[in-house]
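here is my input; please provide its structure:
(chains A and B, ligands or ions: 2)
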Amino acid sequence: MSSCGAPAAEGGEALMQKRQKYDKSKNCVRCKDNIGNIVVRHAVYCKNCFSPMIAAKFRRGVEPYVNEAPKGRRRLKASGNILVGLSGGVGSTVILDLVNQSYFAPRTDTPGGKEHPRFNERIWQKGFVCYVDISAVFPNMRDRTNEVRNAAKTYDALEFILVRLENAFDDSWWTSVGGKPSNSELFVDFADQDLLITAISDSNTDPVAALRTFISALPTQTAISQAIPTLVRVLLLYTARHLGVSHVLLGTSLTSLSISLISSISQGGGFTVREESDEQWMAPGSTTPIRIIKPLQDVGMKECSAWAWWHGLPVVQKEKLPGTGQDIAALTKDFIVGLEKDYPSTVSTIAKTCAKLAPKHGSVRRCLLCERPIQEGIDDWLTRTSIRSLSIGNTTPRFSTARLTPSLCYSCHTTLTSKSSRGATKSTSSFVRLPVWLSAGLQSAEYSMFQIPDERDQPAEKTSAKDTEVWQTRKIGQQEMKHAIGDFLIEDSGQ
Amino acid sequence: MASENTLKVKIEFGGGLELLFDNKRIYDLELPATFEDDQPSNVDFLIRYMRDKLLKERVELFMEKDTIRPGILVLINDTDWELEGEKDYALKDGDEIVFISTLHGG
Ligand SMILES: [Zn+2]
Ligand SMILES: [Zn+2]
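Ligands and ions are numbered 1, 2, ... in the order given. Sure thing, here's the model as predicted:
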């Protein structure tokens, strides 16, 4: 291994000297005896010590979110079931293996074997693996459901659940997961800044067609690659609620978390930056939240891939979206992956820095599209449209002239409209069906579209002062991140 | 058995990288034991050989600036190549080199 001096000859312009890839010796930092097999952020591990190290990190990422069993026994008991979101990618494949190994498979290495109390009383009564197939989004995408199903078959203690992206526009799916049937479908015109809602009763749109119209009406490639994970996430959440799940586990690695943090902030998601790494979702009408955990958020893609390789896991691979590669998420990915190779510790610094960027105030409302909290107070556009909505005539059906905008978070509103990038060519309005949960949310009595923040809110003058503070906090956060990633930020060119 | 002037190495692909190599996961290669100025053939030589002789498409998904692209894990006889000197590792007869793409997350 060359010392610090050598790479300068190749790199030429490199300002920061590359560190040697590992500290001190080639021996494992754990057992000290074996020659190492892998370098993890400068630390060397042998194969024997690598797997327990990752498994321990995984459990540390899960178990603090589970309640202890009653009667003071030192055991954990979850209030519901567990669901693993399987994408076919490496991270979620590894998570599934770890969930099975840690909580469901009979352990052979403990004295007592199957008689061990651990197996008489599982932390989660039932385990599910849920795959959301997105292949219908574009006509030429391959459906990998069978491969993913086969990959999941090895883990027979966990039940396989298939959801398809078009279920987001499917009333029969919605009622099958316990949603209230609705007597009309809601449509919106993305070309209109206020997102006017039109209710059409007795229409019966084909879910795949509705999905494709929704996607093709989005203004940019970046919006498409942001909208799809949002739909996937909410489909998983409603599936989880229906299955009595208390914990949803996602395979987001440190690398992919850093990518989504940076790309989310750059697309107006600063307020919910915390939700990227740790999130609780309260289903409408429910009293117990579902915890969404990313137990590999401190484990890089390199370690995930090594685990999958050394454990012989079937990694199906995710289907790539056509046309991606130049959007914000793809460019951020290239940047982070390159950074991780040469400066592996920097990537975990990104995640840690973002963890500190928590907004000071809670939110009283949730966004009806992504189901995440809406930042209160700063939304100039929200106030404006709310006031204008008071002049709506009353003779028309309830939603025919309502606006969707006040029910969306800033990030989702940007995704749907991103007016800066809407070319002048886009003058034709296209009516797009809204996802089923969004329709249900708008029509439910529980959620009032023009709801004024409740008693937790401050008197008017005070509110504005506090709001400024919230805004400031967020601004500084962005500045910090901007500083951290320097010249890599790009303008969304609207391709 | 490889002769004195050649050495046999096995290369294997994971994480979808085989798609760039004719969708074949394993190649058994017979390489010259030395190249250019009688240097022993090393991993640097191997990846250039792979680029020139085996790669079917999109070199940028495999290489960047004369080395392996970031996001590809390389194992030499089951050990991270970062512990083996990366490109400078001198190949030995019977070596197994694995290239795994780590780029597909989630
Ligand atoms: Zn060890
Ligand atoms: Zn939203």
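
what residues does chain B have near chain A?
B:14-16, B:66, B:70-71, B:73, B:75, B:78-80, B:82-83, B:85-86, B:88, B:98, B:100-106 (CB under 8 Å from any CB of the partner chain). Heads up, the C-betas are built off the backbone N, CA and C, glycines and all.

pLDDT at the spatially closest residue to A:Gln101 that is not a sequence neighbour, what is it?
Once flanking residues are discounted, A:Gln101 sits nearest to A:Ala55: 7.1 Å by CB to CB, 6 or more residues apart in numbering or on different chains. A:Ala55 carries a pLDDT value of 96.

doesn't A:Ala55 lie inside a helix?
Yes. Read with DSSP: H, G, I helix; E, B strand; the rest coil, A:Ala55 is one of the residues of a helix.

and for it, the neighbour number?
Counted with other CB atoms under 10 Å in any protein chain shown, residues neighbouring A:Ala55 total 15.

residue contacts, it?
By CB atoms under 8 Å, 6 or more residues apart in numbering or on different chains, A:Ala55 lies in contact with A:98, A:101-102.

only the buried subset of those, as a ChimeraX command please.
Per 16 or more other CB atoms under 10 Å in any protein chain shown, the buried members of those correspond to this ChimeraX selection:
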select /A:98,102
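
and residue 24, which of the three is it?
Answering for chain A, as no chain was given. Relying on three-state DSSP, one would call A:Lys24 coil.

please go with chain B instead
Assignment for B:Lys24 (three-state DSSP): coil.

show me where pLDDT drops low in chain A?
Scanning chain A for pLDDT under 70 picks out the ranges A:1-20, A:69-74, A:107-120, A:202, A:319, A:322-326, A:358-364, A:376-401, A:419-430, A:445-495.

show me the domain layout of it.
A:22-58, A:77-105+A:123-447 (automatic domain parsing).

pick the most deeply packed of those domains.
Comparing the domains of chain A by mean neighbour count (mean count of other CB atoms under 10 Å in any protein chain shown), domain A:77-105+A:123-447 comes out on top with a mean of 19.

do it and ligand 2 meet?
Yes. Domain A:77-105+A:123-447 reaches ligand 2 (CB under 5 Å from the ion) through A:367, A:369-370, A:409, A:412.

so which of the residues you listed are in helices?
The helices, defined by DSSP state H, take in A:Cys412 from the residues of domain A:77-105+A:123-447 next to ligand 2.

just the residues of domain A:77-105+A:123-447 next to ligand 2 that are near ligand 1?
By CB under 5 Å from the ion, no member of the residues of domain A:77-105+A:123-447 next to ligand 2 lies near ligand 1.

that older thread, format the contacts of A:Ala55 as TSV; extra columns: secondary structure.
What follows is the contacts of A:Ala55, written out as TSV (three-state DSSP):
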residue	secondary structure
A:Leu98	helix
A:Gln101	helix
A:Ser102	helix
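
okay if I get the contacts of A:Ala55 as JSON lines plus distance to A:Glu303?
Converted to JSON lines, these look like this (distance: CB to CB, whole Å):
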{"residue": "A:Leu98", "distance to A:Glu303": "12"}
{"residue": "A:Gln101", "distance to A:Glu303": "16"}
{"residue": "A:Ser102", "distance to A:Glu303": "16"}
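
out of the contacts of A:Ala55, who's nearest A:Ala217?
A:Leu98 (39.2 Å; CB to CB).

which residues does the closest residue to the closest one other than its chain neighbours contact?
Closest residue to A:Leu98 apart from its sequence neighbours, by CB to CB, 6+ apart: A:Phe58 at 4.7 Å. Residues near A:Phe58 by CB under 8 Å, 6+ apart: A:95, A:98, A:102, A:295-296, A:299.

the residue of the stretch 1-150 of chain A found nearest ligand 2 pairs with what?
Nearest residue of the stretch 1-150 of chain A to ligand 2: A:Val132, at 18.1 Å (CB to the ion). Taking DSSP bridges, one finds A:Val163 as the beta-bridge partners of A:Val132.

residues touching it, list them.
With CB under 8 Å, 6+ apart, A:Val132 has these contacts: A:85, A:87, A:163-165, A:232, A:235-236.

and for A:Thr154?
A:Pro314 are the contacts of A:Thr154 under CB under 8 Å, 6+ apart.

any idea which helix or strand carries A:Val84?
Taking DSSP states H and E as the criterion, A:Val84 maps to strand A:81-86.

and what of B:Tyr27?
strand B:26-32.

please enumerate residues in contact with the helix or strand of chain B with the lowest mean pLDDT?
Lowest by mean pLDDT, DSSP states H and E among the helices and strands of chain B is strand B:34-35, with a mean of 86. With CB under 8 Å, 6+ apart as the test, strand B:34-35 has contacts from B:5, B:40-41, B:45.

between those, which sits nearest A:Gln226?
The closest of these, once distances to A:Gln226 are taken by CB to CB, is B:Phe45, at 43.0 Å.

helix, strand, or coil at the closest one?
Secondary structure, three-state DSSP: B:Phe45 is helix.

what does the one 3 residues further on give?
Of the three states, B:Arg48 takes helix under three-state DSSP.

let me know the pLDDT of it.
B:Arg48 is given a pLDDT of 93.

greatest separation within the residues of domain A:77-105+A:123-447 next to ligand 2: which pair is it?
A:Leu369 and A:Cys409 (7.6 Å).

before we move on, the earlier item: would JSON lines of the domains of chain A with distance to A:Pro64 be doable?
Putting the domains of chain A into JSON lines (distance: least, CB to CB, whole Å) gives the following:
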{"stretch": "domain A:22-58", "distance to A:Pro64": "12"}
{"stretch": "domain A:77-105+A:123-447", "distance to A:Pro64": "9"}
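
tell me which of the ones you listed sits nearest to B:Lys24.
domain A:77-105+A:123-447 (16.2 Å).

so the closest residue to A:Leu261 other than its chain neighbours, which of the three states?
Computed as CB to CB, 6+ apart, the closest residue to A:Leu261 that is not its neighbour in sequence is A:Cys354, at 4.6 Å. Classification of A:Cys354 by three-state DSSP places it in helix.

A:Cys354 and A:Val273, how far apart?
5 Å (CB to CB, to the nearest Å).

can you check A:Val62 too?
On the measure of CB to CB, A:Val62 and A:Val273 end up 22 Å apart.

next one: A:Pro52
In this structure, A:Pro52 and A:Val273 are 32 Å apart, going by CB to CB.

what pairs with the strand ranked longest in chain B, and is each one parallel or antiparallel?
The residue-count maximum for a strand in chain B (DSSP state E) belongs to strand B:6-14. Using DSSP bridges, the strands paired with strand B:6-14 are strand B:26-32 (antiparallel), strand B:96-101 (parallel).

just the buried positions in the shortest one, please.
Going back to what we said before, that points to strand B:96-101. For strand B:96-101, using 16+ other CB under 10 Å, the buried residues are B:97-101.
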